[in-house]
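Participant: how would this look folded up:
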Amino acid sequence: MSMIVRAADAAHLLSLVPHLLGYTPTQSLVVIPMARGRSLGAMRVDLPPDDVDLDPVASSVMGMVCRIPQADAVVVVVYTVASTRQGLPEADLVEALRRSADACGLAVTDALTVAGDGWGSHLSADGVRPMSELDERMPPGDQATGADLPAASPALVAGVAAATASVEAALTVLCGIPSVGDSAARIDPAALEAACALDDLPALFEDALGWDAAALDPMHAAVLLWCLMRPSLRDVALVQWSSDRAGGDRALDAQRRWEDGEDYPADLAEVMWGEGSRPDPARLEQALMLVRHVAAVADRAQTPGPLATAAWLSWALGRSTHAGRLADAALDVDSRHGLADIVRSFVAASHLPDWAFRR
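Facilitator: Take a look at the predicted model:
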């Protein structure tokens, strides 16, 4: 949804930017695409290192703005802890952005820097202004806030590990695979019931969106963890959570056909690359909350699956900072994890889903 920015002056505009983002950025470049005086949201990227060529950085940033068909102008805001003793910091970056915007046919409505000890506009002769002129009532946290997993007690982690072992034992019985352990060991009836739920994966994944993530039952966590540890099942879940139950049915059927040698449907594959129809953010939010809690209660060796899934969901929601951290956490455990590596490459290249640029 677009938002009309009614800013009386530059100071007022700066008070609105964190509310557009939902947090107060640090060491960041924020660009606000505009269309006929209305903001079309805001995009944040990390400030580039001091030793990089700024023109390619500026071209990449303005290239993202150009992917928004309605955009005809842009506001640039730099957030840095640097001092203003020698003038507004990041003037070279702002100038590179202005050159790139001009080449793209975009007007630069304003170019501002909020530094550690002052602020000001690069397009104004007013010089550095005191921080006291800015509204101090900013949203708490920065772009990294909320990236950490929820806390989980050791007892709960142990309970989920035991439940996961029970599910695997139940699957051994249900699938007729001879047990390598104690054949007389009792199978938990709850694990048998959970294992039977795997017979209809789309129903399981749809039901999971209604579970209370913060009070996740260990057996529910175990059966979902078992799925997310397996790429073929995890991808079915991601396609379904990005669409609907019918999409999950199609994805599961396509996965089975692909394993039999048929081509995987392009319209399902493109979802994983951030293309196609825009997902319902509420479904992605619920799925992300659920998967983050599964990752929090999983044994460390089993976390790459849910961590990478949470990374993709974060990326799909436009939270690249969170996505990068979750992908890194997955790769710390399994350096060859495919989905985590893909998400990390997306973040490193500042690649966003195509639906992020469409209203």
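Participant: show me the strands in the stretch 101-250 of the chain, by range?
Facilitator: 107-114, 119-121 (DSSP state E, counting those that start in this stretch).
Participant: list the buried residues in the first one.
Facilitator: In other words, strand 107-114. Neighbour-count burial for strand 107-114, counted by 16 or more other Cβ atoms under 10 Å, picks out 108, 109, 110, 111, 112, 113, 114. Glycine gets a C-beta too; all of them are placed from N, C-alpha and C.
Participant: got CSV for those, with distance to residue 266 too?
Facilitator: Formatted as CSV, those follow (distance: Cβ to Cβ, whole Å):
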residue, distance to residue 266
108, 39
109, 39
110, 42
111, 41
112, 43
113, 44
114, 44
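Participant: care to break this structure down by domain?
Facilitator: Domain segmentation of the chain under automatic domain parsing yields 3-133, 154-357.
Participant: center of this protein, which residue is that?
Facilitator: Central residue of the chain (Cα atoms, centre = their mean): residue 314, 1.8 Å from the mean position.
Participant: for that residue, list the residues it contacts.
Facilitator: Shown in contact with residue 314 (Cβ atoms under 8 Å, 6 or more residues apart in numbering): 288, 320, 322, 323, 326.
Participant: helix or strand right after the host helix or strand of it?
Facilitator: Per DSSP states H and E, residue 314 falls inside helix 304-316. Helices and strands here follow DSSP H and E; after helix 304-316, the next one along the chain is helix 320-333.
Participant: so which elements touch that next one?
Facilitator: helix 304-316, helix 338-348 (3 or more Cβ pairs under 8 Å, 6 or more residues apart in numbering; DSSP states H and E).
Participant: hey, which of those is tucked in deepest?
Facilitator: Mean neighbour count (mean count of other Cβ atoms under 10 Å) peaks for helix 304-316 among the helices and strands packed on helix 320-333, with a mean of 29.
Participant: what is the mean pLDDT for that one?
Facilitator: The pLDDT scores in helix 304-316 average 98.
Participant: can you give me the angle that helix makes with helix 338-348?
Facilitator: Put simply, helix 304-316 runs at 30 degrees to helix 338-348, going by axes from the mean of the first three to the mean of the last three Cα atoms, to 10 degrees.
Participant: hey, C-alpha coordinates of helix 304-316 in PDB?
Facilitator: Presented in PDB, the C-alpha positions along helix 304-316 are these (Å, rounded to 0.1, in the frame of the first residue of the first chain):
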ATOM      1  CA  PRO A 304      19.800 -26.200   9.300                       C
ATOM      2  CA  GLY A 305      16.500 -27.200   7.800                       C
ATOM      3  CA  PRO A 306      14.200 -25.000   9.800                       C
ATOM      4  CA  LEU A 307      16.800 -22.200   9.900                       C
ATOM      5  CA  ALA A 308      17.100 -22.200   6.100                       C
ATOM      6  CA  THR A 309      13.300 -22.300   5.800                       C
ATOM      7  CA  ALA A 310      13.000 -19.300   8.200                       C
ATOM      8  CA  ALA A 311      15.700 -17.500   6.100                       C
ATOM      9  CA  TRP A 312      13.700 -18.000   2.900                       C
ATOM     10  CA  LEU A 313      10.400 -16.800   4.500                       C
ATOM     11  CA  SER A 314      12.200 -13.700   5.900                       C
ATOM     12  CA  TRP A 315      13.600 -13.000   2.500                       C
ATOM     13  CA  ALA A 316      10.200 -13.400   0.900                       C
END
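Participant: how much space separates residue 165 from residue 225?
Facilitator: 11 Å (Cβ to Cβ, to the nearest Å).
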